[in-house]
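Enquirer: below is the sequence, then the predicted model.
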Amino acid sequence: MPLRSAARKRRARLATLMALHYSGARWWMIHCPDLERRSMARRKKIYEGKAKILYEGPEPGTIVQYFKDDATAFNAQKKDVVDGKGVLNNRLSEYFMTGLINIGVPTHFIRRLNMREQLVRSCEIIPLEIIVRNFAAGSLSERLGIEEGTQLPRPIVEFCYKDDDLGDPLVSEEHIAAFGWASQQDMDDILSLALRVNDYLSGVMYGVGIKLVDFKIEIGRVFDGDFQRLVVADEISPDSCRLWDIETGRKLDKDVFRRDLGDLTDAYSEVARRLGLLPQTAVVKPTLIN
Ligand SMILES: Nc1ncnc2c1ncn2[C@@H]1O[C@H](COP(=O)(O)OP(=O)(O)OP(=O)(O)O)[C@@H](O)[C@H]1O
Ligand SMILES: [Mg+2]
């Protein structure tokens, strides 16, 4: 293995160890993340996606989300395993979902179960990716020829139809209404949820010196008897946001992987550290004793 890549792997591993240690994980779980996965083997798997596995939850109407270390980009044409990514995303998604619940935005999150898993309410996912953009980047810059980083006149909400085979194409509200993916009432609620998530996330990230360039969420329907509610589902993590350091412009999100800009675990750990989810300074490598 080339030296640089070995050093990178070691750094990523150390970041994971710190994350796990800080969260009070047992030693064997730190060193053998596979054991945790194997202990889940008896559960019924519902779905395996690119970043997560869904298992049947302990009570009806619940599911367990298992966060994998797999990183994919460009509709899975680029793939790798990034040590510790699943642990960081599980913790970060818990943090953001909890924050949203605390300000009255409904989400599917119930509680984190362990380093890689969280219990959530099972939803009927609306087959749309809801994208909110504050600054131009990625496909918006390509489509409209706007330089990356340009501040948009106001937050722009876009919808993509969730279909990997089609590459999640951009769709309009006309398509959504015509094909019955969501009603007009749903669309009003989705827009309001998306903008509330944007305000919350922009504020939290701004507070730790990070610019929220854009993000993607998924929305699910939950049913309480005949009554339907929409909730923020899936995950909120640096996999689904663009996060740039305000001072330096350093990218702290999945673009680091998409564009080969460095170590992904380092970038995600930096976000977690600034939010107080990891120690501010390097800790001594955890051992059996401490
Ligand atoms: N609360 C929930 N109830 C039911 N399904 C959910 C819930 N939260 C997320 N999901 C779905 O679980 C899957 C999560 O897996 P993952 O993120 O790995 O999928 P993916 O490979 O990105 O595929 P997709 O294009 O469907 O998102 C997604 O299909 C997502 O829509
Ligand atoms: Mg996904």
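Expert: On my side now, so go ahead. Ligands and ions are numbered 1, 2, ... in the order given.
Enquirer: how is Ser202 assigned, secondary-structure-wise?
Expert: When states are read from DSSP: H, G, I helix; E, B strand; the rest coil, the local structure at Ser202 comes out as helix.
Enquirer: now the lengthiest strand in the chain: buried residues?
Expert: Determined from DSSP state E, the single longest strand within the chain is strand 210-224. Residues of strand 210-224 classed as buried by neighbour count (16 or more other C-beta atoms under 10 Å): Ile210, Lys211, Leu212, Val213, Asp214, Phe215, Lys216, Ile217, Glu218, Ile219, Gly220, Val222. Placement of C-beta: from N, CA and C, glycine included.
Enquirer: which two in these are spaced the farthest apart?
Expert: Pairwise distances across these peak at 32.2 Å for Lys211 and Val222 (criterion: C-beta to C-beta).
Enquirer: so for the most centrally placed residue in the chain, what's the pLDDT?
Expert: Relative to the mean C-alpha position of the chain, the nearest C-alpha, by C-alpha atoms, centre = their mean, is the one of Ser237, at 2.7 Å. In the prediction, the pLDDT value recorded for Ser237 is 98.
Enquirer: what helix or strand is it located in?
Expert: Element membership for Ser237 (DSSP states H and E) is empty, with no helix or strand holding it.
Enquirer: my guess is it contacts Leu92, does it?
Expert: Yes: judged on C-beta atoms under 8 Å, Ser237 makes contact with Leu92 at a distance of 4.8 Å.
Enquirer: between those two, what contacts are shared?
Expert: In the contact map built from C-beta atoms under 8 Å, 6 or more residues apart in numbering, the residues linked to both Ser237 and Leu92 are Tyr268.
Enquirer: follow-up on the earlier one: any idea how far Asp165 is from the residue nearest to the centre of the chain?
Expert: Distance from Ser237 to Asp165, counting by C-beta to C-beta, to the nearest Å: 24 Å.
Enquirer: swap in Arg274?
Expert: Taking C-beta to C-beta as the measure, Arg274 and Asp165 are separated by 38 Å.
Enquirer: those two: which has the busier surroundings?
Expert: Arg274 (19 against 6; other C-beta atoms under 10 Å).
Enquirer: that one and Ile210 touch, don't they?
Expert: Yes: with contact defined as C-beta under 8 Å, Arg274 reaches Ile210; the gap is 6.8 Å.
Enquirer: please name the nearest non-neighbouring residue to Val271.
Expert: With sequence-adjacent residues excluded and distances taken as C-beta to C-beta, 6 or more residues apart in numbering, Val271 is closest to Leu252, at 5.2 Å.
Enquirer: isn't the one you found right next to Leu243, touching?
Expert: Yes: Leu252 lies in contact with Leu243 (C-beta under 8 Å); the separation is 4.4 Å.
Enquirer: which neighbours do the two have in common?
Expert: Common neighbours of Leu252 and Leu243 are listed as Ile210, Val271 (criterion: C-beta under 8 Å, 6+ apart).
Enquirer: ramachandran coordinates for the nearest residue to the residue nearest to the centre of the chain once chain neighbours are set aside?
Expert: Among residues not flanking Ser237 along the chain, Asn89 sits closest, at 4.0 Å (C-beta to C-beta, 6+ apart). Its backbone dihedrals place Asn89 at phi -70, psi -40, with angles given as degrees, to the nearest 10.
Enquirer: was I right about Asn89 contacting Tyr268?
Expert: Yes: A contact is recorded between Asn89 and Tyr268 when judged using C-beta under 8 Å, the distance being 7.2 Å.
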